[in-house]
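**Student:** Attaching a predicted model along with its sequence, questions to come.
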Amino acid sequence: MLKGDLRKQAILDTAEQLFFEKGYAGTTIQDFLDALNCSKGSFYHHFESKLQVLTALCRQRAEQGFRAYSQQNYDDALARLNGLIYYAMPFRSGEENTVALLLPLEGLMDGSVVLQSIVDAQKELFFPELCQVLELLRAAGTFHYSQPMVPELLWDAYTAVYRKMMQEASAIQKGGATGNVVQLIEAERFIWERLLDAPFGSMELVRGDEALLTISHAVTRIKRMAAQQ
């Protein structure tokens with residue numbers, strides 16, 4: 001890795017730690033400079049703002065999710081499809097830090113920018129693979145659909161559920177009920193199976209209890225960080 005790349009990665013690693021310790025709003029550029037012992041010129045050579053740092057960090061998380069999906073061994077194309085959706089959605093076990101990083105931004109302008117950057121990165125990474133897997137399943141007769149826009153509609157549905165899940169997770173953080181999370185996952189499963197004319201129960205996605213536990217762990221971490229400040 002080149003020296004410049006090492007510095008850029010050091011900024012991202014430091015950003016993750018600072019955002020967890022101080023929160024995104026409470027972290028300043030000076031905090032980066034102090035933690036990294038670097039000059040403003042060195043920092044701004046790689047990033048224009050802390051918002052750009054956060055969007056880069058979240059894109060990196062999306063890339064890690066895609067690598068995790070790619071490294072799995074799947075028995076067939078249907079298992080591969082379920083794995084793709086599972087690793088695209090960050091409400092899975094092991095992603096507590098990602099959710100804890102994003103939840104405090106819900107409803108903020110910077111939060112909207114970050115979330116859009118995530119869904120853009122996810123589509124760039126996962127959507128071409130999704131189209132390939134769906135074509136395999138259609139050719140095998142597992143799925144029955146003829147409209148070429150179906151994959152795009154499915155991805156739009158996934159993105160809408162992702163955004164809604166973030167809203168529900170934010171509501172849980174503020175003491176709201178948890179039932180809507182499970183309903184959202186079931187609604188997404190229903191949409192995918194109906195649009196694909198797939199067998200009932202063939203789409204697994206992420207389990208509701210796993211998503212709720214991930215959100216619960218993220219909320220606990222946010223509260224712990226707030227108590228330490």
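**Tutor:** Done, it's in. In this text, all values refer to a predicted model and were calculated from it rather than measured experimentally.

**Student:** quick one, strands of the chain?
**Tutor:** Taking DSSP state E as the criterion, the chain carries no strands.

**Student:** Closest to the centroid, which residue in it?
**Tutor:** Residue closest to the average C-alpha location in the chain (CA atoms, centre = their mean): Pro90, at 4.0 Å.

**Student:** Give me the buried positions along the lengthiest helix in the chain.
**Tutor:** For the chain, the longest helix by residue count, based on DSSP state H, is helix 109-139. Neighbour-count burial for helix 109-139, counted by 16 or more other CB atoms under 10 Å, picks out 111, 114-115, 117-119, 121-123, 125-127, 129-131, 133-134, 136-138. In short, each C-beta sits where N, CA and C put it, glycine included.

**Student:** Tell me where the model's unsure across this structure.
**Tutor:** Within the chain, the segments meeting pLDDT under 70 span 1-4, 229.

**Student:** Show me where it has its helices.
**Tutor:** For the chain, the helices defined by DSSP H cover 3-22, 29-36, 40-46, 50-70, 77-88, 96-102, 109-139, 150-173, 179-196, 208-228.

**Student:** Report the angle between the fourth one and helix 3-22.
**Tutor:** For helix 50-70 against helix 3-22, the angle between stretch directions is 100 degrees (axes from the mean of the first three to the mean of the last three CA atoms, to 10 degrees).

**Student:** now the longest one
**Tutor:** If you take the same axes, to 10 degrees, helix 109-139 sits at 110 degrees to helix 3-22.

**Student:** how about the nearest residue to the residue with the largest distance to the centre of the chain, chain neighbours excluded?
**Tutor:** Distance from the centre of the chain peaks at Ser39, with 31.6 Å (CA atoms, centre = their mean). Excluding the flanking residues, the one nearest Ser39 by CB to CB, 6 or more residues apart in numbering is Leu33, at 7.1 Å.

**Student:** State the distance from that neighbour to Phe43.
**Tutor:** 6 Å (CB to CB, to the nearest Å).

**Student:** If you count surrounding residues, which of those two has more?
**Tutor:** Neighbour totals were compared for Leu33 and Phe43, and Phe43 leads with 20 against 15 (other CB atoms under 10 Å).

**Student:** close enough to count as contact, the more buried one and Asp34?
**Tutor:** No. Using CB atoms under 8 Å, Phe43 is not in contact with Asp34, being 11.1 Å away.

**Student:** burial count for Lys223?
**Tutor:** Lys223 has 12 neighbouring residues, counting by other CB under 10 Å.

**Student:** what's the answer for the one 4 residues further on, then?
**Tutor:** Residue crowding around Ala227 was assessed by other CB under 10 Å; the count is 7.

**Student:** neighbours around Ala140, how many?
**Tutor:** Ala140 has 11 nearby residues by other CB under 10 Å.

**Student:** OK, contacts around it?
**Tutor:** For Ala140, the contact set (CB atoms under 8 Å, 6 or more residues apart in numbering) comprises Ala77.
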